[in-house]
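**Q** Below are the sequence and a predicted model; questions follow.
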Amino acid sequence: MRLARDEARGLLKEANELFAQRKLDEALARLASAGVVGGGLDPTLQRQVGELRERIRGEQRSASEAADRARRLEGELSEGRRLLDAGQATEAIVHFDQVLGLDPGNRAAIDGKRDAQERILASRNRQALETAFQEGRALFDAGRYQDALRPLTDAAADPQNAAARDYLNRAQRILEGLRQQREVSQRIAGLLQEAETLLAERKYPEALVRFDSVLALDPAHTRARERRDLAEMMTGEALFSRFFPNRAPGLTIVEPAASEVVVSGPRSAVVGVATDELRIAKLEFFQDGRLVGEETPARARSPARRRPRCASSASSS
């Protein structure tokens with residue numbers, strides 16, 4: 001317990017240093033190890049690990065959201081300008097609206113949208129805009145929100161058609177929600193792939209961090225929780241093996257007790273006990289270099305979360 005506590009404190013110290021250097025993924029991996037090896041031994045340490053983990057994750061979320069927002073702003077604004085220059089006013093407004101959803105005060109998007117709306121009004125009479133509204137409303141009611149965007153965008157160019165703007169806003173909100181769901185699904189798939197790769201490379205703390213990220217996005221993700229438990233177990237075993245290095249199994253012959261036994265018949269019973277500090281998977285019996293029998297201890301037949309000391313007795317001819 002003392003060794004585990006000291007190791008956890010050292011890992012927490014390393015995590016703080018890595019955090020100061022803005023090496024956030026590495027810091028989270030240290031915290032994952034610290035939580036596994038010493039989190040249950042020291043409540044204060046457990047609280048410090050949890051607080052730093054949440055702080056790092058918060059900064060990661062903020063940085064990711066800011067980068068995604070900047071990327072979308074640049075892409076949508078660029079596409080809106082391109083479409084406007086190409087004479088596709090309606091399609092341009094769709095992209096300018098995306099920009100304004102992220103940055104309502106964006107002057108370039110405001111000016112671009114106004115220009116596009118003026119072009120629509122100049123090329124369509126009020127009856128044509130009303131027809132577009134009826135088409136867009138029918139598509140919206142049918143659940144075809146993406147298809148409804150274009151006619152509703154045309155109709156909303158009419159300053160007197162408040163209903164068209166309301167339908168357009170509702171369609172935009174629904175499509176934005178669907179876009180976010182797709183992004184979350186893609187993010188989860190990417191994190192799972194990274195985690196499985198890290199597991200295969202025996203980078204268990206790093207894999208544990210990725211599985212935790214998946215569960216932060218989808219707490220009900222069954223496979224991520226199962227694989228996270230595996231990564232946690234392997235992280236703990238890797239750390240504790242540093243405190244308790246693996247030793248060769250022990251074998252004690254109980255019967256016959258003499259160091260040398262002369263057997264006059266074709267058979268002789270040999271009884272003993274095999275022990276190991278981790279777990280015995282299987283006992284094999286050889287005679288003259290040939291496998292003549294084997295036994296699987298009861299505890300080895302079912303997987304265990306921890307590896308308890310296991311002893312087994314066997315007899316062989």
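**A** In hand now; what should we look at?
**Q** Buried residues, stretch 91-108. List them.
**A** For stretch 91-108, a neighbour-count test (16 or more other CB atoms under 10 Å) marks 91-101, 103, 106 as buried. Where you see a C-beta, it was placed from the backbone N, CA and C, and this is true even at glycine.
**Q** Looking at those residues, which two lie furthest apart in space?
**A** Greatest spatial distance in the buried residues of stretch 91-108: Glu91 and Asp103, 19.8 Å, computed using CB to CB.
**Q** Run through the helices of the stretch 1-150 of the chain in chain order.
**A** Remark: helices assigned in the stretch 1-150 of the chain by DSSP state H, counting those that start in this stretch are 2-20, 24-38, 43-85, 89-102, 107-123, 126-141, 145-156.
**Q** for those, which one sits closest to Ile253?
**A** helix 2-20 (34.1 Å).
**Q** Tell me where the model's unsure across the stretch 151-300 of the chain.
**A** Residue ranges of the stretch 151-300 of the chain with pLDDT under 70: 243-245, 257-261, 263, 277-278, 298-300.
**Q** pLDDT and distance to Ala67 added to the buried residues of stretch 91-108, as CSV?
**A** What follows is the buried residues of stretch 91-108, written out as CSV (pLDDT from 0 to 100; distance: CB to CB, whole Å):
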residue, pLDDT, distance to Ala67
Glu91, 94, 26
Ala92, 95, 25
Ile93, 95, 26
Val94, 95, 23
His95, 96, 20
Phe96, 96, 22
Asp97, 95, 22
Gln98, 94, 17
Val99, 96, 16
Leu100, 95, 20
Gly101, 93, 17
Asp103, 94, 15
Asn106, 95, 18
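**Q** Which of those sits closest to Glu26?
**A** Among the buried residues of stretch 91-108, and counting by CB to CB, the member closest to Glu26 is Asp103, at 33.3 Å.
**Q** Can you name the residues that contact the closest one?
**A** Leu73, Ala109 (CB atoms under 8 Å, 6 or more residues apart in numbering).
**Q** now it: how far from Ala231?
**A** 39 Å (CB to CB, to the nearest Å).
**Q** next one: Gln160
**A** Note on Gln160: its distance to Ala231, by CB to CB, is 60 Å.
**Q** Which one's more surrounded, the two?
**A** Per other CB atoms under 10 Å, whichever of Gln160 and Ala231 has more neighbours is Ala231, with 26 against 8.
**Q** in what helix or strand does the more buried one lie?
**A** If you go by DSSP states H and E, Ala231 is part of helix 222-243.
**Q** relative to helix 24-38, how tilted is that helix?
**A** Interaxial angle of helix 222-243 relative to helix 24-38 (axes from the mean of the first three to the mean of the last three CA atoms, to 10 degrees): 70 degrees.
**Q** how big is the angle separating helix 222-243 from helix 2-20?
**A** For helix 222-243 against helix 2-20, the angle between stretch directions is 120 degrees (the same axes, to 10 degrees).
**Q** For helix 222-243, list the C-alpha coordinates in CSV.
**A** Extracted as CSV, the C-alpha positions of helix 222-243 are listed here (Å, rounded to 0.1, in the frame of the first residue of the first chain):
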residue,chain,number,x,y,z
THR,A,222,-21.6,-1.0,-23.5
ARG,A,223,-18.6,-2.1,-25.4
ALA,A,224,-16.6,1.0,-24.4
ARG,A,225,-17.4,0.3,-20.7
GLU,A,226,-16.3,-3.3,-21.1
ARG,A,227,-13.1,-2.5,-22.9
ARG,A,228,-12.4,0.4,-20.4
ASP,A,229,-12.6,-2.1,-17.6
LEU,A,230,-10.1,-4.3,-19.4
ALA,A,231,-7.8,-1.4,-19.9
GLU,A,232,-8.1,-0.4,-16.2
MET,A,233,-7.3,-4.0,-15.1
MET,A,234,-4.3,-4.2,-17.4
THR,A,235,-3.1,-0.8,-16.3
GLY,A,236,-3.2,-2.0,-12.7
GLU,A,237,-1.5,-5.2,-13.4
ALA,A,238,1.3,-3.5,-15.3
LEU,A,239,1.9,-1.1,-12.4
PHE,A,240,1.7,-3.7,-9.6
SER,A,241,4.1,-5.9,-11.5
ARG,A,242,6.7,-3.2,-10.7
PHE,A,243,6.1,-3.7,-7.0
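**Q** List the buried residues in it.
**A** In helix 222-243, counting by 16+ other CB under 10 Å, buried: 224, 227-228, 230-236, 238-240.
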